[in-house]
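Trainee: below are the sequence and a predicted model for it; my questions follow.
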Amino acid sequence: MARGNNGVDRVSNLPFNVTYHIIGYLPLRDAVRTSTLSKGWKYKWITIPALVFDKKFKDSLRWCDLESLVDRILVLHRGPITKFSLKECYEVTRNAASTRNAAIDRWLLFLSYHHTHYIEDLSLSYYVHESVSHVIPSVLFALEHLTNLCLEGVRIELPWQFSGFGRLIKLKLSCVSMELDELITLLSKCPMLECFDFELKNSFIIGEDKESNKELNHRLNVLKLDTSFRALDNVDCVLSLLKSSPNLKSLDISCDDSIFDVEELSINCMKFADPIHLNHLESVKISFFSGSAGEMEFVRNVLQWASALKHMTLESTFWGVEIGPDFSKMVTDLAKFPRSSSAARIRFEAGWSL
């Protein structure tokens, strides 16, 4: 307890707006610990607007069960919750996954019932066992004040009455399952969306984009993808995303060359794809670029479609000096690709490891 020279308890007598401001900047674990400062601070932590249950928080637990603790915190909490983050998704047994996912659904229901008009930032990592089959509750789509949404390990099915996330600015999806047509519909109903980060390689996107007069997303200017150009469903999804984002300015792709698929189908899909007008795309970065036929075909298309392109950076790691000739041939082939932008420059970064 902090006291001045005259014995006054300065910590307990701080104005409410000051203590609220202090607690609001503390991690949840440290905010709870302020309850030991003095009697006056015992329950001040229950007003914290941001509840973040991350690995650091979990590691600080000794004997307390995470599920029970989250339940208790939500029951004790007073005031608006503007941010709720639960990032703890990994492979578990079927029974454990089912139990924990039911708990996450319960917390989501609580937030939608008590904090619909306050929650702005929501991150939920569900538990996955073998396949992504757990359907996220439809109450999620009633949170109209969301500006940032991150979902992992869940199946997404849009309710027919979904009118959109009118304030959503950032969206991140990882290891999700949904129809391609519904994914494009979701993006079209986020008119303020500026950044979409999608881990596509571990997701299950099926079907096709039906293109039933969907609104294009004119605000989306940053697209981040973790994908494979060997997988046909990945390629279909990438092309559909580019087609629905006419004002895209920055494209950041991380390639995964380990996924086994019939690459010829993916190559043909890109070879015979209708031209996509990427008239505002200025910057492209492709990490873990291996120079596979599918990746090269994608680069060829982007160079032809992006009329305002300025920079394309290809980051690649070649293992062993014996493949030097392949590296040289790839660079030579890239230099020959036609470009619709006279200002486009390709920068190739290769890391060599012996």
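Mentor: That came through, no problem. From a predicted model like this one, the values you see are computed outputs, not experimental measurements. Numbers count the residues shown, from 1 in each chain.
Trainee: and the strands in the stretch 201-350 of the chain?
Mentor: 204-206, 222-227, 250-255, 283-287, 311-319, 345-353 (DSSP state E, counting those that start in this stretch).
Trainee: direction included, what does the shortest one pair up with?
Mentor: Read that as strand 204-206. Applying DSSP bridges to the sheet, strand 204-206 is found paired with strand 177-179 (parallel).
Trainee: below-threshold pLDDT in the stretch 101-250 of the chain: ranges please.
Mentor: Scanning the stretch 101-250 of the chain for pLDDT under 70 picks out 129, 211-213.
Trainee: one more time with 50, if that's ok
Mentor: Across the stretch 101-250 of the chain, nothing is flagged by pLDDT under 50.
Trainee: and the helices in it?
Mentor: Shown for the stretch 101-250 of the chain, the helices assigned by DSSP state H, counting those that start in this stretch span residues 180-188, 232-243.
Trainee: and the first one with helix 232-243, angle?
Mentor: Between helix 180-188 and helix 232-243, the angle comes out at 30 degrees (axes from the mean of the first three to the mean of the last three CA atoms, to 10 degrees).
Trainee: just the C-alpha atoms of helix 180-188, please, in CSV.
Mentor: Below are the C-alpha coordinates for helix 180-188, written out as CSV (Å, rounded to 0.1, in the frame of the first residue of the first chain):
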residue,chain,number,x,y,z
LEU,A,180,-16.5,-20.4,-50.9
ASP,A,181,-19.7,-18.6,-51.9
GLU,A,182,-20.4,-17.8,-48.2
LEU,A,183,-16.9,-16.5,-47.7
ILE,A,184,-17.3,-14.0,-50.6
THR,A,185,-20.8,-13.1,-49.3
LEU,A,186,-19.3,-12.4,-45.8
LEU,A,187,-16.7,-10.1,-47.3
SER,A,188,-19.3,-8.3,-49.4
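Trainee: packing partners for it?
Mentor: Judged by 3 or more CB pairs under 8 Å, 6 or more residues apart in numbering; DSSP states H and E, helix 180-188 is in contact with strand 204-206, helix 232-243. (Glycine included, C-beta is placed from N, CA and C.)
Trainee: hey, which of these is tucked in deepest?
Mentor: helix 232-243 (a mean of 22; mean count of other CB atoms under 10 Å).
Trainee: before we move on, back to that, same list (the helices of the stretch 101-250 of the chain) but as TSV, adding distance to Ala103.
Mentor: Output for those, formatted as TSV (distance: least, CB to CB, whole Å):
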stretch	distance to Ala103
helix 180-188	25
helix 232-243	31
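Trainee: quick one, which of the helices and strands packed on helix 180-188 gets closest to Gly166.
Mentor: helix 232-243 (20.8 Å; CB to CB).
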